[in-house]
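Asks: Got a predicted structure here, sequence first:
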Amino acid sequence: MTYVTPDRFIADAQRTPVILNAFIGDLSSERAMEAKDGPDGWSVVEVVCHLRDFEGYFRGRVELMLAQETPALPRYDHEALAIERDYQHQNLMEVFTDLLSKRIAFLELFESLTPEQFSRTGMHPESGSISVFDALVQLIHHDLTHLDQIARCLGLSDRLL
């Protein structure tokens, strides 16, 4: 039995909204804007906006890999997007609801793929050649990184390592 499968990572990707909801479900808008992971860090609402937007970017990359032979995958400037889209002043629960609907649709796409489709590749601007499966793994890594960031924003994390 293979341990590392798309199904395992899809199940992990389903957990992100559950954990995120546990962090922000009762969070006031004021706290979501004030709680940051350092003096120059992002607030909780900015992190959730980033997760929402990058959900779409990750999906766009996957769709390119499925539609084209080894496409060049676009680069995104997350700092510029945060400013352009005024992440800091967006409604946290509206952003979370949008993220959730995008995650559901993205997981439905992943669940529909064949093993051959998970093997399709593209050229990532920083990582080089990646597959659709790598993009799924990258999504989980991205989620964990930002869930940890939100935990730090809210004072729920004391880094042990």
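Replies: Here it is on my side, so go on. Numbers count the residues shown, from 1 in each chain.
Asks: Can you say which helix or strand has the residue nearest the centre of the chain in it?
Replies: Centroid check for the chain by C-alpha atoms, centre = their mean gives residue 51 as the closest residue, at 4.3 Å. Here residue 51, judged by DSSP states H and E, is contained in helix 44-67.
Asks: so where do the strands sit in this structure?
Replies: Assigned by DSSP state E, the chain shows strands spanning 121-124, 128-131.
Asks: can you map out the helices along this structure?
Replies: For the chain, the helices defined by DSSP state H cover 6-24, 29-34, 44-67, 78-84, 92-112, 115-118, 132-153.
Asks: just checking, residue 95 touches residue 55?
Replies: No - here residue 95 lies out of contact with residue 55, judged by C-beta atoms under 8 Å, at a distance of 10.9 Å. Any C-beta I mention is one placed from the backbone N, CA and C, and that applies to glycine too.
Asks: returning to that earlier point: would you mind measuring from the residue nearest to the centre of the chain to residue 69?
Replies: Counting by C-beta to C-beta, to the nearest Å, the gap from residue 51 to residue 69 is 30 Å.
Asks: And stretch 45-59, what's buried?
Replies: 45-55, 58-59 (16 or more other C-beta atoms under 10 Å).
Asks: can you check stretch 80-100 too?
Replies: For stretch 80-100, using 16+ other C-beta under 10 Å, the buried residues are 82, 87, 90, 92, 95, 96, 98, 99, 100.
Asks: what do you get for stretch 118-125?
Replies: 118, 120, 121, 122, 124.
Asks: How many residues are close by the closest residue to the first one other than its chain neighbours?
Replies: Of all residues beyond its chain neighbours, the one nearest residue 118 is residue 133 (4.3 Å), with distances taken as C-beta to C-beta, 6 or more residues apart in numbering. Taking other C-beta atoms under 10 Å as the neighbour definition, residue 133 ends up with a count of 21.
Asks: which ones are touching residue 133?
Replies: 6, 9, 118, 119 (C-beta atoms under 8 Å, 6 or more residues apart in numbering).
Asks: Low-confidence bits of this protein, can you list those?
Replies: Within the chain, the ranges that satisfy pLDDT under 70 run 1, 159-161.
Asks: circling back: let me know the distance separating the residue nearest to residue 118 from residue 70.
Replies: 15 Å.
Asks: Quick one: residues contacting residue 130.
Replies: By C-beta under 8 Å, 6+ apart, the neighbours of residue 130 are 73, 121, 122, 123, 124, 138.
Asks: Give the bridge partners for it, please.
Replies: residue 122 (DSSP bridges).
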